[in-house]
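**Q** Show me how the following folds:
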Amino acid sequence: MDNKILQLKEQFERELGEIKDLTELEGIRVSYLGKKGSVTGLLKGMKELSNEEKKSFGQHVNELKGAVSQKINDKMAELKEREIQAEIELMPEFDLSMPSNMTRGSYHPITLVQRQCEQIFKSMGFTVEDYSEVVTDYECFESVNIPKNHPARDMQDTYYLENGQLLKSQTSAAQNAILRKYKKSLVEDGVPIKAIFPGRCFRNEATDACHENTFFQMEGMMVDKDISISNLIYFMKTMLSEVFQKDIKVRLRPGFFPFVEPGFELDISCLICGGEGCPSCKHSGWLELCPCGMIHPEVLRMGGIDPEEYTGFAFGLGLTRLVMMKYGIGDIRDLNSGNLKSLSQFNDDE
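**A** Down below sits the predicted model:
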């Protein structure tokens, strides 16, 4: 039986030496190591051996199997290297020392800050949701307590489409869907709803240094039992301190928004002028960053959640203005300018 092993080993080495490509190598692998291969076939004759002979013969077969497998792997590496060298020889010659004038692509500063905010909120247990830019009137207004003919609609000059839908004017348009998506886990499993949903928004308004008709927001909400304004302040201050890597001076002032009660405007001290006043902050020293407040009971109810049992907060973080503060951009219009040289300078933070 040992002679059979020796003969098979010699036969394998002869055939392996004649292999010229990976296809032929795969064929020899199957021929020797496959289920019906020659090495496997050796084991079929073991039934004629004694127990002692079986042990010795089985060991020798396993050694042969390991040797064949190793030699095939070595040959594969050799053939792959040979193919690479052949491709290199076919390539046209070029000067490796010649400087390249190709410029690297870069992320938009809004993308950088959005990703940073997402990571911060993820670390605090929030999920990140996506939502369409084209929504219905119910999603954008009625589901967040802004019925038809409500005066709050005058605050947003909305882009309506011919099919009756509209371009979302606020990320609050996703609130109802998010509440319904996580209602079961909240009510049945006691898991708080904690979600953020960034997105692009559109409003038909005149542009200036601090207003654009296309801008980015990041909506966030948390719903559970016994949620209060202090929870809102904690999460917002934590987020801002992480983004700017320092304590940020903030203020809350009363604000009216139909989807929260009570409602607030969260302002931060203008980091462009240091609070002294500039066109970006309308010379007030403060920049409006985040409408926020406790979710209105009617909004919870339309989301299928009992406002007698649960409370929550919501905020609409102005991502575009946050970018301006982080990078000291004085004119919001620069962010939509398409000036690649100007926009690429912030990618050292990535």
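**Q** Would you map the helices across the stretch 201-350 of the chain?
**A** Assigned by DSSP state H, counting those that start in this stretch, the stretch 201-350 of the chain shows helices spanning 229-244, 297-302, 319-327, 340-343.
**Q** Between the ones you listed, which one is closest to residue 270.
**A** Closest approach to residue 270 among those (C-beta to C-beta): helix 319-327, 7.4 Å. Backbone N, C-alpha and C define where each C-beta goes, glycine included.
**Q** what's the least confident stretch among the helices of the stretch 201-350 of the chain?
**A** Note on these: lowest mean pLDDT is at helix 340-343, with a mean of 76.
**Q** Okay, buried residues for that helix please.
**A** residue 343 (16 or more other C-beta atoms under 10 Å).
**Q** Point out the other helices and strands that that helix packs with.
**A** Contact partners of helix 340-343 among helices and strands, from 3 or more C-beta pairs under 8 Å, 6 or more residues apart in numbering; DSSP states H and E: none.
**Q** Looking at the helices of the stretch 201-350 of the chain, which one is packed in the most?
**A** Sort the helices of the stretch 201-350 of the chain by mean neighbour count, taking mean count of other C-beta atoms under 10 Å, and helix 319-327 sits at the top with a mean of 22.
**Q** got the angle between that helix and helix 229-244?
**A** Put simply, helix 319-327 runs at 50 degrees to helix 229-244, going by axes from the mean of the first three to the mean of the last three C-alpha atoms, to 10 degrees.
**Q** From the contact counts, what lies against helix 319-327?
**A** Where contact means 3+ C-beta pairs under 8 Å, 6+ apart, helix 319-327 is packed against helix 109-123, strand 214-224, helix 229-244, strand 286-295.
**Q** Need those in CSV (columns: distance to residue 54).
**A** Shown next, in CSV, are the helices and strands packed on helix 319-327 (distance: least, C-beta to C-beta, whole Å):
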stretch, distance to residue 54
helix 109-123, 59
strand 214-224, 68
helix 229-244, 67
strand 286-295, 76
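**Q** which one of these lies closest to residue 66?
**A** helix 109-123 (47.1 Å).
**Q** What lies in contact with that closest one?
**A** If you take C-beta atoms under 8 Å, 6 or more residues apart in numbering as the criterion, helix 109-123 is touched by 128, 196, 198, 216, 218, 220, 235, 238-239, 242-243, 317, 319-320, 322-323, 326-327, 329, 335, 343, 346-347, 349-350.
**Q** where does residue 20 land in three-state SS?
**A** coil (DSSP: H, G, I helix; E, B strand; the rest coil).
**Q** Same check on the one 5 residues further on?
**A** For residue 25, the reduced secondary structure class is helix; criterion used: three-state DSSP.
**Q** how much space between the residue lying closest to it once chain neighbours are set aside and residue 64?
**A** Excluding the flanking residues, the one nearest residue 25 by C-beta to C-beta, 6 or more residues apart in numbering is residue 19, at 5.2 Å. Counting by C-beta to C-beta, to the nearest Å, the gap from residue 19 to residue 64 is 18 Å.
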